[in-house]
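A.B. asks: Model the structure of this input:
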Amino acid sequence: MTYARTRDFHLPGRSMVLAKNGMCATSHPLAAQVAVAMLESGGNAVDAAIAGAVLLGGCEPQMTGIGGDCFALVRLPDGTIRGLNGSGRAPKALSSELLREQGYSAMPLHDAHAVTVPGAVDAFCALSDALGNKGLAASLAPAIRYFDEGIPVAPRTTFDWALAEPNLTGVARKHYLLAGAAPRLGQMFRAPAQAEVLRMIAAKGRAGFYEGEVAEDMVSSLRALGGTHTAEDFAATACDWVEPVRGLYRGVELIELPPNGQGATAILMAKILSNFDIASLHPFGAERAHLEAEAAKLAYDARDRFIADPSHAGIRLGHMLSDDTAKSLAALIDPERAMADPRTASDNVHKETIYITVADKDGMVVSLIYSIFHAFGSGLASDRFGINFQNRGAGFTLEKGHPNEAAGGKRPMHTIIPAMLAEEDRFTGAFGVMGGAYQPNGHVRFLTNMVDYAMNPQTAMDGPRSFCEPGGFSLERGYGQDVRDKLTKMGHTVTTPDLPIGGSQAIMMDEDGIYHGASDPRKDGCALGY
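C.D. replies: Coordinates of the predicted model:
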């Protein structure tokens, strides 16, 4: 994969960041700085990734926190890539039948029933124990300091916080609002109660979170809100080391995590697009946007059919990753007309589902994504410590007999997916795209920008984005009116989203071992190296 090393300096934009000894790219400068400082002090990429990720819970609390989940890919210095699934499970007593009887037709978003047990802390403990250098306490120390002292609220975070403020209810408003309102730009956000929790985790490991007074606070708060959670649900939380899944796009290997994450969706979408001559199309023209949208419809339809917790359902992963499946789905795409219903069109084919990256001087690279799902998750928090609960249970369906049907002890289909790239058995980089459902589409847009148009990683994430959702075909303002008009004539309902689409970070490694960092201008963050 060859990409341009420079940009057009007449135009606005960012240059890539180049460094030899280590690098971090993430969505807030303080988290990037903390991660690089950890590397400089002798920590490895795992130590640094945990330090930066946990701090992001204070820098961007609307996006992530210790009440959420995480997934990680770790490239070891010997070239081995390990995967970790740090997603939590539904409480044992959750019942889709009971929810249907209570009148729910879909999983609620802002309700204790949507709260799955947080898995991220267990995953951070496992990562640190297995692969870290300096120990968990060292990785948590920067976040403890900043949570106590406060963090000035950054521009994008200010914007998101104000939009998400109505999602906060009950005690969460006390913990996440300042004088009853979303913070203004530059106001200091402090979370001393969460600093106390981090001190307990630093001293006791996972037991400091999943047992004792912290767990008691979470369980009692959730039960008071109508949840079925128990102390046993929290004590039983356990992450899993998993084997990554892989797929080729024009000779470049896309490496993702297996279900219950949606990484296979990105691989399937890339394979569908490999049946078209993308490089011959204008990178930001109507024809390319249309093909990408149609491929996304088909790949996401497959996701919704098949992706679920593999320990509770048979997952047709081989079918999703098959070149033949991708070819059959590609044949359903009309290059000049939008597809009305991908589920009906693909029935015959399917007979028989925050980001931080860190690299160190030894070639260890971490690709980690850590989230509470919707803005401020469920909008609920624990009474004493203010732990904001994720609403990952909203990823379940209440459809009876579906592989992803809600059930106790089960993991929901998950949207967060870290990724890596390789070419001809050489590791070439780590990247991730934030943005919920957009993530597989975002992975493929980043990949095809680099492979088909030889864009460097920064240029690949700078360009305008599009995403076809049930409410319409969202195009960022970077697309011209001529493109919008042409897509409308193709049958798309074109809209302009209120928020930019997604956010991304990347670290690529060249043949000489130099790291090339990129950070999405849609976020407040940056890439830093030394």
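A.B. asks: In contact with residue 283, which residues?
C.D. replies: By CB atoms under 8 Å, 6 or more residues apart in numbering, the contact set of residue 283 is 449, 452, 453, 455, 463. Placement of C-beta: from N, CA and C, glycine included.
A.B. asks: State the three-state secondary structure for the residue nearest to residue 506 when sequence neighbours are not counted.
C.D. replies: Counting by CB to CB, 6 or more residues apart in numbering, the nearest residue to residue 506 once its immediate chain neighbours are dropped is residue 431, at 3.7 Å. When classified by DSSP: H, G, I helix; E, B strand; the rest coil, residue 431 comes out as strand.
A.B. asks: What's the separation between residue 431 and residue 502?
C.D. replies: 12 Å (CB to CB, to the nearest Å).
A.B. asks: do the same with residue 92
C.D. replies: For residue 92, the distance to residue 502 - CB to CB - is 35 Å.
A.B. asks: Counting neighbours, go ahead and name the busier of the two.
C.D. replies: residue 502 (26 against 17; other CB atoms under 10 Å).
A.B. asks: looking at this structure, which helix or strand is least sure?
C.D. replies: helix 342-345 (a mean of 70; mean pLDDT, DSSP states H and E).
A.B. asks: Following it in sequence, what is the next regular element?
C.D. replies: For helix 342-345, the following helix or strand on the C-terminal side (DSSP states H and E) is strand 355-359.
A.B. asks: what is the rounded mean pLDDT of that next one?
C.D. replies: For strand 355-359, mean pLDDT is 96.
A.B. asks: Partner strands of it and their direction?
C.D. replies: Within its sheet, and counting by DSSP bridges, strand 355-359 is paired with strand 23-26 (antiparallel), strand 365-371 (antiparallel).
A.B. asks: Out of the ones you listed, which is the most enclosed?
C.D. replies: Comparing the strands paired with strand 355-359 by mean neighbour count (mean count of other CB atoms under 10 Å), strand 23-26 ranks first with a mean of 34.
A.B. asks: Mind giving me the packing neighbours of the helix ranked longest in the chain?
C.D. replies: In the chain, taking DSSP state H as the definition, the longest helix is helix 286-306. Secondary-structure packing of helix 286-306 (3 or more CB pairs under 8 Å, 6 or more residues apart in numbering; DSSP states H and E): helix 263-273, helix 317-320, helix 323-330, helix 342-345, helix 439-453, strand 466-469, strand 472-475, helix 481-489.
A.B. asks: Can you give me the buried ones in the first one?
C.D. replies: It refers to helix 263-273. Counting neighbours by 16 or more other CB atoms under 10 Å, one finds that the buried residues in helix 263-273 are 263, 264, 265, 266, 267, 268, 269, 270, 271, 272, 273.
A.B. asks: about what we covered before: may I have the residues that are in contact with the residue nearest to residue 506?
C.D. replies: So residue 431 contacts 357, 367, 419, 420, 421, 443, 446, 457, 504, 505, 506, 507 (CB under 8 Å, 6+ apart).
A.B. asks: which two in these are spaced the farthest apart?
C.D. replies: Spanning the widest gap among the contacts of residue 431 are 443 and 507, at 15.1 Å by CB to CB.
A.B. asks: Secondary structure element holding the residue nearest to residue 387 when sequence neighbours are not counted?
C.D. replies: Of all residues not flanking residue 387 in the chain, residue 67 sits nearest, at 4.5 Å (CB to CB, 6+ apart). Here residue 67, judged by DSSP H and E, is contained in no helix and no strand.
A.B. asks: Please work out how many residues are found near residue 67.
C.D. replies: For residue 67, the neighbour count with other CB under 10 Å is 29.
A.B. asks: So it versus residue 194, what's the distance?
C.D. replies: Taking CB to CB, one finds residue 67 at 9 Å from residue 194.
A.B. asks: Now do the shared contacts for those two.
C.D. replies: By CB under 8 Å, 6+ apart, the residues touching both residue 67 and residue 194 are residue 387.
A.B. asks: In stretch 166-182, which residues are buried?
C.D. replies: For stretch 166-182, by 16+ other CB under 10 Å, it's 167, 168, 171, 172, 175, 176, 182.
A.B. asks: Just the ones of the residues you listed in helices?
C.D. replies: Per DSSP H, the buried residues of stretch 166-182 map to helices at 171, 172, 175, 176.
A.B. asks: who's in contact with the residue nearest to residue 163 when sequence neighbours are not counted?
C.D. replies: Spatially, and ignoring its direct neighbours in sequence, residue 163 is nearest to residue 375 (6.9 Å; CB to CB, 6+ apart). Neighbouring residues of residue 375 by CB under 8 Å, 6+ apart: 62, 63, 160, 163, 164, 167.
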